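S.K.: Return atomic coordinates for the entry below.
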Amino acid sequence: MEVDDYLPISGLQHLLFCERQCALIHVEQAWSENHLTVEGKHLHEKVDKPGSQERKGVRVARRLPLRSDRLKLTGFADVVEFHAAEDGEVPFPVEYKRGRRKEWRHDEVQLCAQAMCLEEMFEVPVPRGALFYGASRRRLDVTLDDELRAITEAAVVRFHQLVRDGFTPPPVLLPKCQSCSLRSTCMPELNNAPDAEVYLKRLAAGESGRE
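M.R.: Next up, the predicted model:
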């Protein structure tokens, strides 16, 4: 497999937040910062110091490189705890987020993709992980069940398709655009594109939307 075929695990969050944002970043290589992305970067800088340690009988690895040849994904886990088990160790990924728990499952999908990489790398099941939210300073345990895994698999397929096709969806102005660091690049206010319903129908029909 070519290394260029592999996509970053972090891109799954971009995809699920907004496919246009995902394409701007991963197809057109556009990026800009806002206060939310800067705060997130600072949080990860505090956490993502490579190394390992023992803590209360648990081996803790930070900024662990991840890779899945099946999903063609690469990236890093903020923290992976290796919990002792009868037949070895069970990886337990922990992903750090700057804000609070969201109503969407974007964070859970990113965590699940990390777990699936760990399963392939260590050849053991990874049934659970956790999300740590900086705003609340709370850790949320996540069960990586069949439903979440199916959502994650579908997101991976769509991510590869979007990048492979080199297609950037048209802008659609939505409330979440206010928090997007790429708003000035995307310019959703212009919105000369078909409405969201037409766009989704075209996607379902397998049309690219290009002239």
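S.K.: Would you mark the buried spots in stretch 159-172?
M.R.: Buried residues in stretch 159-172, defined by neighbour count with 16 or more other C-beta atoms under 10 Å: Phe159, His160, Leu162, Val163, Phe167, Thr168, Pro169, Pro170, Pro171, Val172. From N, CA and C alone the C-beta is placed, and that goes for glycine too.
S.K.: which parts of stretch 143-158 are buried?
M.R.: Residues Leu144, Leu148, Ile151, Thr152, Glu153, Ala155, Val156, Arg158 are the ones in stretch 143-158 that count as buried (16+ other C-beta under 10 Å).
S.K.: all strands for this structure, in order.
M.R.: With DSSP state E, the ranges of strands along the chain come out as 7-8, 51-55, 58-68, 73-85, 88-97, 128-133, 138-143.
S.K.: Now tell me which helix or strand of this protein has the poorest mean pLDDT.
M.R.: One helix or strand of the chain scores below all others by mean pLDDT, DSSP states H and E: helix 35-47, with a mean of 46.
S.K.: which sections of this protein are below the confidence cut-off?
M.R.: Scanning the chain for pLDDT under 70 picks out 1-4, 31-52, 191-211.
S.K.: Relative to Tyr133, how far out is the residue lying farthest from the centre of the chain?
M.R.: Farthest-out residue of the chain from its mean C-alpha position, per C-alpha atoms, centre = their mean: Glu86, at 31.6 Å. As judged by C-beta to C-beta, to the nearest Å, Glu86 and Tyr133 stand 32 Å apart.
S.K.: thinking again about what came up before, make CSV out of the strands of the chain and add distance to Gln178.
M.R.: Compiled in CSV, those are given as follows (distance: least, C-beta to C-beta, whole Å):
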stretch, distance to Gln178
strand 7-8, 25
strand 51-55, 38
strand 58-68, 31
strand 73-85, 27
strand 88-97, 19
strand 128-133, 20
strand 138-143, 25
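S.K.: Nearest to Ser181 among the ones you listed would be which one?
M.R.: Of all the strands of the chain, strand 88-97 sits nearest to Ser181, with 15.7 Å by C-beta to C-beta.
S.K.: which outside residues touch that closest one?
M.R.: 40, 43-44, 47, 59, 77-83, 107, 110-111, 114-115, 118, 122, 124-126, 128-134, 139 (C-beta atoms under 8 Å, 6 or more residues apart in numbering).
S.K.: 7 Å - rerun?
M.R.: 43-44, 47, 59, 77-83, 107, 110-111, 114-115, 118, 122, 124, 126, 128-134 (C-beta atoms under 7 Å, 6 or more residues apart in numbering).
S.K.: need the contact list for Phe132.
M.R.: So Phe132 contacts Val94, Tyr96, Lys97, Arg139 (C-beta under 7 Å, 6+ apart).
S.K.: residues in contact with Leu118?
M.R.: The contact partners of Leu118, by C-beta under 7 Å, 6+ apart, come to Leu66, Val80, Pro91, Pro93, Val126.
S.K.: list the helices and strands the helix ranked longest in the chain packs on?
M.R.: The longest helix of the chain (DSSP state H) is helix 146-165. The contact analysis (3 or more C-beta pairs under 7 Å, 6 or more residues apart in numbering; DSSP states H and E) places helix 146-165 against strand 7-8, helix 11-17, helix 19-26, helix 106-122.
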